[in-house]
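Asker: Build me a model from this:
(chains A and B)
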Protein chains: 2
Amino acid sequence: MTDSDLCFLSAVELAGRIRSGDLSAREAMEAHLRRIEAVNPAVNAIITLAADTALAQARAADERQARGEPLPVLHGLPVAHKDLEETAGIRTTFGSPIFRDYIPPTSSLVVERLQAAGAITIGKTNTPEFGAGSQTFNPIFGATRNPYDLGRTCGGSSGGAAAALAAGMIPLADGSDMGGSLRNPASFCNVAGFRPSPGRVPTWPNRMAWSPLGVNGPMARSVADLALMMQAIAGPDDRSPIGIEELASRFAAPLDRDFRGVRIAWTAGLGLPFEPEVLAVTERQRTTFESLGCIVEAAEPVMDEADRIFKGLRAWHFEVSLRDAYASMKDQLKDTIIWNIEQGQRLTAADLGRLELDRTNLYHRVRKFLTRYDFFVLPTVQVLPFDVTVPYPASIAGAPMATYIDWMKSCYYISTLGLPALSVPAGFSVGGLPVGLQIVGRHHDDFGVLQLGHAFEAATGFGRARPALAPAVR
Amino acid sequence: MTDSDLCFLSAVELAGRIRSGDLSAREAMEAHLRRIEAVNPAVNAIITLAADTALAQARAADERQARGEPLPVLHGLPVAHKDLEETAGIRTTFGSPIFRDYIPPTSSLVVERLQAAGAITIGKTNTPEFGAGSQTFNPIFGATRNPYDLGRTCGGSSGGAAAALAAGMIPLADGSDMGGSLRNPASFCNVAGFRPSPGRVPTWPNRMAWSPLGVNGPMARSVADLALMMQAIAGPDDRSPIGIEELASRFAAPLDRDFRGVRIAWTAGLGLPFEPEVLAVTERQRTTFESLGCIVEAAEPVMDEADRIFKGLRAWHFEVSLRDAYASMKDQLKDTIIWNIEQGQRLTAADLGRLELDRTNLYHRVRKFLTRYDFFVLPTVQVLPFDVTVPYPASIAGAPMATYIDWMKSCYYISTLGLPALSVPAGFSVGGLPVGLQIVGRHHDDFGVLQLGHAFEAATGFGRARPALAPAVR
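Answerer: Modelled structure (predicted):
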């Protein structure tokens, strides 16, 4: 098997081969390291590599297996962590010059869980400065490029993760998502990204432990791989007071499910502008859901106020998280973050109260909508992957974008309510650029969302198909 | 059996007798209605009575039983709802003149669940205006009096509930607790009150659906009765996005547990002033925990900043919940509420951010403390039940109280972190006034807290003992 063949195996398949002894963890790691060496210079997805420790740990994993020890669920699988996640002993920059040389003493909970489940840390993936914006570039590492077109962005903020997966550099990656950061880059890179319910993957450290806005989650090249990873990273931990009391083993249940009669709201796009090429791709998939036996109806909830709610809460989070940096190192923050922080500074508690009242009303409106439908489906991103030198789209289908995050509404409207949402590959534009479809489920129905994504993926074969991967990363 | 004997049966016992056919639901209801007629005029705990519908429903319950229908867990038990809970068709005032004649079209979730579990609504229990403060009086119904000394307060804000339970008017009652309102009146009235983890008993309607500060919970004369009631009111409901995904049947597990070797931090009182008579009663119970085999050590976490965090978040909640009333009917709000709202108006979002950062740090400090101890125990209230004409204690053990809520710190420090907390009867002062002990558990260990309370109660017999009940309510 060539490195490329091996490195495009699904995580489930790769884990099975290592477990069966077909392949050692060391061989798997070496193949992935060679793959990174070959393709990462063109993509710039992995921005810190831990090759020596990864190889040592792979050898140790093989030794444990040779001794007949019980093997955890991700035994021997290479994994890379978003550079917003603290990794003990490995540089963690948060994409900011302020943390250019920061080496954390401890790992964040998602990293700790992946490692405890047998995954081996191969390095860190690129992210925008403090994860702000869905275009992955920062002053330390530059931009991460889209493996399907190196002149275009991979999206973000878990952009390095998505690009590394798409280019076969890793089989699994963690990401995080406040306004779409697990879904947007998955859509742009023809991979799968899952935003779980808040608390499903407990977040620690977390400066505002009760906040449901930002979540950790899995990214992979297939939904079955996402479910495998959820078996390692889901489940309660008292370091997060909002952790959901359902064990990670929930995600070991069968993904296959009969979707006949399941009701799906086919959402025109929540009143948002979309590039026609995006809609052309996603509209073709309506019949796929019908072929699964779903009852598909055109319907959507009104969610307009989600814009104001999300922007207000997000500005508040930026102010709270970065107030110390703003006070003492403002010159080292990018303009868009300064602008966000200053928006947050102008908010009163009464303003936040209004947002909480409105968010509650919106939650109930969408909840009632979802008594009539089991899921709703819409395009993940409003645009195709755009020029990597452009920080954000200035307009969509003729509609000007007021801020650097306005083009992310199709994702952040969902974040506002904490509903589980999956982006799965839905095909390619005429020019060969990936397009993702977003499946949104009822409150806490994380597993149902994965099941539907799995059925969709099985019916389409997208994700596994990589027709237009850029020559340098084939 | 006399009415008094019947009306002081535990809910578990009463439910068993109805289920076995020893007693009809109608007989039980009639006895409780007679008891209310006899003792409520002196206590003023039940402020709206639904006698006719209660009797009709009791007869209907008996008919269902006669037809051999399956009987739900609270079949035939009279229950009263706090007047902060909306009850379809039954006046709900929130203790405020603004809602003097309000009859809600729908019931709140806790009411709906109690009724669905077979409990029969007998009426509403008194509460301070909008639940503000732990002394139960309001301009519509006046004050509720303590059944152990009619010249003293029953506490609050679930004061009507606690007094009605103590006087044998009902076997079960719901309450709610932001700053101690399930625990304080339980302590003052020799009954049991349990503040569950936020989301354990989902709260709906709730203007700020994600807020973990205020919770619903059960009140009863024994911990076993609390657990019985939790079987009806706990468990997720998607009307609350923070609902805990653990089924109500969790509370049907055996309460009996071997506590040998369980580590208990015997908390001197979190640096707060206590009346010496309170401490004299609670200190005697240290040996009770030792007699259960617990390892009891003097230890406590530093929680000083909980005061600032709680007061800030509470002021914000008041401003958000009552801003419309403040704008248009300020003259109908009590001074202390106006003061709270105006505090909330002065807060910035940055102030709230600081409180969230501090709350997170405090959560982790107490979490680490609770890795060394399974529970911590402290007196529920800092004072004995005081004169019913006094709105709040002006000082405690010589320490002046700056505001009308400062005397509630021993309860609201715990609220700040959302830890499960139970108040169980711990004995009586020399003058015969009830004193409660507060058992605080680890994050989400609601059932463990009930188990320890049950063991404590079995060892002491308090709660069942009513030596000093006022003559008018014996």
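
Asker: Could you pull up the residues touching residue A:275?
Answerer: A:382-384, A:396-397 (Cβ atoms under 8 Å, 6 or more residues apart in numbering or on different chains). Glycine gets a C-beta too; all of them are placed from N, C-alpha and C.

Asker: excluding its backbone neighbours, what's nearest it?
Answerer: Leaving aside its sequence neighbours, residue A:275 sits nearest to residue A:383 (Cβ to Cβ, 6 or more residues apart in numbering or on different chains; 4.9 Å).

Asker: Is it correct that that neighbour is in contact with residue A:396?
Answerer: Yes. The pair residue A:383 / residue A:396 is scored as a contact, 5.7 Å apart, by Cβ atoms under 8 Å.

Asker: neighbours around residue A:42, how many?
Answerer: 15 (other Cβ atoms under 10 Å in any protein chain shown).

Asker: Confirm it sits in a strand?
Answerer: No. Under DSSP: H, G, I helix; E, B strand; the rest coil, residue A:42 falls outside any strand and is assigned helix.

Asker: gap between the residue nearest to residue A:275 and residue A:407?
Answerer: 6 Å (Cβ to Cβ, to the nearest Å).

Asker: Can you select the buried ones among the contacts of residue A:275 for me in PyMOL?
Answerer: Buried members of those, defined by 16 or more other Cβ atoms under 10 Å in any protein chain shown, are picked up in PyMOL with:
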select buried, chain A and resi 382+383+384+396
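
Asker: Which of the contacts of residue A:275 lies at the shortest distance from residue A:55?
Answerer: residue A:384 (38.3 Å; Cβ to Cβ).

Asker: what residues are up against that closest one?
Answerer: Counted by Cβ under 8 Å, 6+ apart, residue A:384 has contacts A:275, A:277-278, A:429, A:431, A:433, A:435.

Asker: swap in residue A:8?
Answerer: Residue A:8 sits in contact with A:168, A:221, A:466, where contact means Cβ under 8 Å, 6+ apart.

Asker: hmm, 6 Å instead?
Answerer: residue A:168 (Cβ atoms under 6 Å, 6 or more residues apart in numbering or on different chains).

Asker: Not counting sequence-adjacent ones, nearest residue to residue A:102?
Answerer: Residue nearest to residue A:102 in three dimensions, not counting chain neighbours: residue A:92, with 5.7 Å by Cβ to Cβ, 6+ apart.

Asker: need the residues of the stretch 151-300 of chain A near chain B, please.
Answerer: A:207-209, A:238, A:241, A:244-246 (Cβ under 6 Å from any Cβ of the partner chain).

Asker: Please, a PyMOL command that selects the buried ones among the residues you listed?
Answerer: Applying 16+ other Cβ under 10 Å to these, the buried members can be selected in PyMOL as follows:
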select buried, chain A and resi 208+209+238+241+244+245+246
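
Asker: Serialize the residues of the stretch 151-300 of chain A next to chain B to a markdown table and add fields for secondary structure.
Answerer: Supplementary listing: these in a markdown table, determined by three-state DSSP:
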| residue | secondary structure |
| --- | --- |
| A:207 | coil |
| A:208 | coil |
| A:209 | coil |
| A:238 | coil |
| A:241 | coil |
| A:244 | coil |
| A:245 | coil |
| A:246 | coil |
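
Asker: any idea of the pLDDT on the residue nearest to residue A:102?
Answerer: Among the per-residue scores, residue A:92 holds a pLDDT of 98.

Asker: I'd like the distance between residue A:29 and chain B.
Answerer: According to Cβ to the nearest Cβ, to the nearest Å, residue A:29 and chain B sit 35 Å apart.

Asker: And for the helix or strand hosting that residue, what's in contact with it?
Answerer: Residue A:29 is located in helix A:25-43, with elements delineated by DSSP states H and E. The contact list for helix A:25-43 (Cβ under 6 Å, 6+ apart) reads A:3, A:6-7, A:18, A:46, A:51, A:54-55, A:58-59, A:61-62, A:76, A:78, A:145, A:147, A:150, A:163, A:167-169, A:472-473.

Asker: Out of these, which end up buried?
Answerer: A:3, A:6-7, A:18, A:46, A:54-55, A:58, A:61-62, A:76, A:78, A:145, A:147, A:150, A:163, A:167-169, A:473.

Asker: List the ones among these that fall in helices.
Answerer: When the buried ones among the contacts of helix A:25-43 are checked against helices (DSSP state H), the matches are A:3, A:6-7, A:18, A:54-55, A:58, A:61-62, A:163.

Asker: Flag every buried residue along the helix holding residue A:29.
Answerer: A:25-33, A:35-36, A:38-40, A:43.

Asker: Just give me the residue right at the centre of chain A.
Answerer: Note on chain A: the residue nearest the mean C-alpha position is residue A:182, at 1.8 Å, using Cα atoms, centre = their mean.

Asker: Surely that one and residue A:192 touch.
Answerer: No. Using Cβ atoms under 6 Å, residue A:182 makes no contact with residue A:192, being 9.4 Å away.

Asker: quick one, strands of the stretch 301-450 of chain A?
Answerer: For the stretch 301-450 of chain A, the strands defined by DSSP state E, counting those that start in this stretch occupy A:375-379, A:395-396, A:399-400, A:421-428, A:434-441.

Asker: so the residue nearest to residue A:275 makes contact with residue A:394?
Answerer: No. Taking Cβ under 6 Å as the definition, residue A:383 is not a contact partner of residue A:394, at 10.8 Å.

Asker: Return every residue with contacts to both of those two.
Answerer: Shared contacts of residue A:383 and residue A:394 (Cβ under 6 Å, 6+ apart): none.

Asker: how far away is residue A:158 from residue A:132?
Answerer: Residue A:158 is 13 Å from residue A:132, by Cβ to Cβ.

Asker: Kindly report the same for residue A:138.
Answerer: 10 Å.

Asker: out of the two, which sits in the busier spot?
Answerer: residue A:132 (27 against 24).

Asker: what about the residue nearest to the more buried one when sequence neighbours are not counted, how many residues close to it?
Answerer: Residue nearest to residue A:132 in three dimensions, not counting chain neighbours: residue A:337, with 5.2 Å by Cβ to Cβ, 6+ apart. Counted with other Cβ under 10 Å, the neighbours of residue A:337 add up to 23.

Asker: my read: residue A:337 touches residue A:133, true?
Answerer: No. Contact criterion Cβ under 6 Å: residue A:337 and residue A:133 do not qualify, at 8.9 Å.

Asker: what ranges do the helices span in the stretch 101-250 of chain A?
Answerer: A:109-116, A:159-166, A:184-189, A:223-233 (DSSP state H, counting those that start in this stretch).

Asker: same for the longest one, what does it pack against?
Answerer: What that stands for is helix A:223-233. helix A:11-20, helix A:109-116, strand A:192-195, strand A:215-220, helix A:446-460 (3 or more Cβ pairs under 6 Å, 6 or more residues apart in numbering or on different chains; DSSP states H and E).

Asker: helix or strand right after that helix?
Answerer: Later in the chain than helix A:223-233, the nearest helix or strand by DSSP H and E is strand A:263-266.

Asker: which helices and strands does that next one pack with?
Answerer: Checking 3+ Cβ pairs under 6 Å, 6+ apart, strand A:263-266 ends up next to strand A:295-298, strand A:375-379.

Asker: Please identify the most buried of those.
Answerer: strand A:375-379 (a mean of 26; mean count of other Cβ atoms under 10 Å in any protein chain shown).

Asker: Would you mind getting the angle between that strand and strand A:421-428?
Answerer: Strand A:375-379 and strand A:421-428 are oriented at 50 degrees to each other (axes from the mean of the first three to the mean of the last three Cα atoms, to 10 degrees).
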